[in-house]
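Colleague: Sequence and predicted structure are below.
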Amino acid sequence: MSIKVLIADDHTMFREGMRSLLQKELNIRVVGEANNGREAVKLALDLKPDVVVMDITMPDLNGMEATRKIRKVFPQTKVICLSMHSDRRYVVDMFRAGASGYLIKSCAYKELADAINIVAANQTYISPQIAHIVVDESIGRQPTKKKVVKSILTPREREILQLIAEGKNTKYIAQHLHKSTKTVETHRRNIMRKLNIKSVAELTRYAISEGIISLDS
């Protein structure tokens, strides 16, 4: 039986290239493509893939939040992070979000195909390039931040923080999330109060520092 794969990446040419390569594998079938995290969640619910190949820094909803949502509804669906980021904060947070694998985009195609087969068999795949990060974290070599965004903010607040940091206004966010402007404004006030932040510029800097958005995406 073929492994059903969903590809989530905001770069069209990269997605198309990945799809073309993966479809050469006899046991892998690409069932869909998403250009942001929110679309990835929707397609995962509709298509029920075995594996989602997920980028982290995507517009609208980032890969970490998308991974949490997918794994919460369909824990049997595995997520492999395929990212340009090898920073500890991205690697650790993606595994905490529920990813079963992490690869760097500079990896060889064969490594990605192998990783898909490995996680589909209920195992974990960690690229040799970032394995030391996971080891250091597991044995406590790296200090853990006392306060990080995922523990301070609710999932909805994280979504709204990303949209604010991307320059979206209250009306857009309300329509996009099917909420009232009053609700969005309340969330915005709560976010700023929790983070002790006074301006949108500070919120944006915070979102970048926590990996919610990236200047390199």
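Modeller: Arrived safely. Numbers count the residues shown, from 1 in each chain.

Colleague: For stretch 120-136, give the mean pLDDT please.
Modeller: Stretch 120-136 carries an average pLDDT of 83.

Colleague: tell me the centre residue of the chain?
Modeller: For the chain, the residue nearest the mean C-alpha position is residue 63 (1.3 Å; Cα atoms, centre = their mean).

Colleague: and that residue, how far is that from residue 178?
Modeller: 22 Å (Cβ to Cβ, to the nearest Å). The C-beta positions use only the backbone N, C-alpha and C, and glycine is treated the same way.

Colleague: same check, this time on residue 162
Modeller: Taken as Cβ to Cβ, the span from residue 162 to residue 178 is 17 Å.

Colleague: Neighbour count for those two, which is higher?
Modeller: Neighbour count, other Cβ atoms under 10 Å: between residue 162 and residue 178, residue 162 has more, with 22 against 7.

Colleague: any low-confidence regions in this structure?
Modeller: 134-151, 215-217 (pLDDT under 70).

Colleague: Recalculate using a threshold of 50.
Modeller: 146-149, 217 (pLDDT under 50).

Colleague: Could I get the contacting residues of residue 33?
Modeller: 6-9, 15, 19, 43 (Cβ atoms under 8 Å, 6 or more residues apart in numbering).

Colleague: Ramachandran coordinates for it?
Modeller: Main-chain torsions, residue 33, degrees, to the nearest 10: phi -130, psi 140.

Colleague: How about residue 3?
Modeller: Dihedral angles (degrees, to the nearest 10) for residue 3: phi -90, psi 120.

Colleague: For it, give me its contacts.
Modeller: If you count contacts by Cβ under 8 Å, 6+ apart, then residue 3 has 27-29, 50-51, 116-117, 120 around it.

Colleague: 10 Å - rerun?
Modeller: Going by Cβ atoms under 10 Å, 6 or more residues apart in numbering, residue 3 touches 22, 25, 27-31, 49-51, 78, 113, 116-117, 119-121.

Colleague: Show me what it is bridged to.
Modeller: On the basis of DSSP bridges, residue 3 is bridged to residue 28.

Colleague: Tell me how many other residues crowd residue 92.
Modeller: 20.

Colleague: what about the closest residue to residue 63 other than its chain neighbours, how many neighbours?
Modeller: Excluding the flanking residues, the one nearest residue 63 by Cβ to Cβ, 6 or more residues apart in numbering is residue 56, at 4.0 Å. Burial of residue 56 is recorded as 29 neighbouring residues (other Cβ under 10 Å).

Colleague: What segments of the chain are strands?
Modeller: 3-8, 28-34, 51-54, 78-83, 101-104, 125-126 (DSSP state E).

Colleague: Tell me how far the residue lying closest to residue 207 once chain neighbours are set aside lies from residue 10.
Modeller: The spatial neighbour of residue 207 that comes closest, neighbours along the chain excluded (Cβ to Cβ, 6+ apart), is residue 165 at 3.7 Å. To residue 10, residue 165 is 16 Å away according to Cβ to Cβ.

Colleague: in stretch 181-196, what's buried?
Modeller: 183-184, 187-188, 191-192, 195 (16 or more other Cβ atoms under 10 Å).

Colleague: wait, which of those is closest to residue 171?
Modeller: residue 184 (8.5 Å; Cβ to Cβ).

Colleague: Pretty sure that closest one sits against residue 161.
Modeller: No. With contact defined as Cβ atoms under 10 Å, residue 184 does not reach residue 161; the gap is 11.4 Å.
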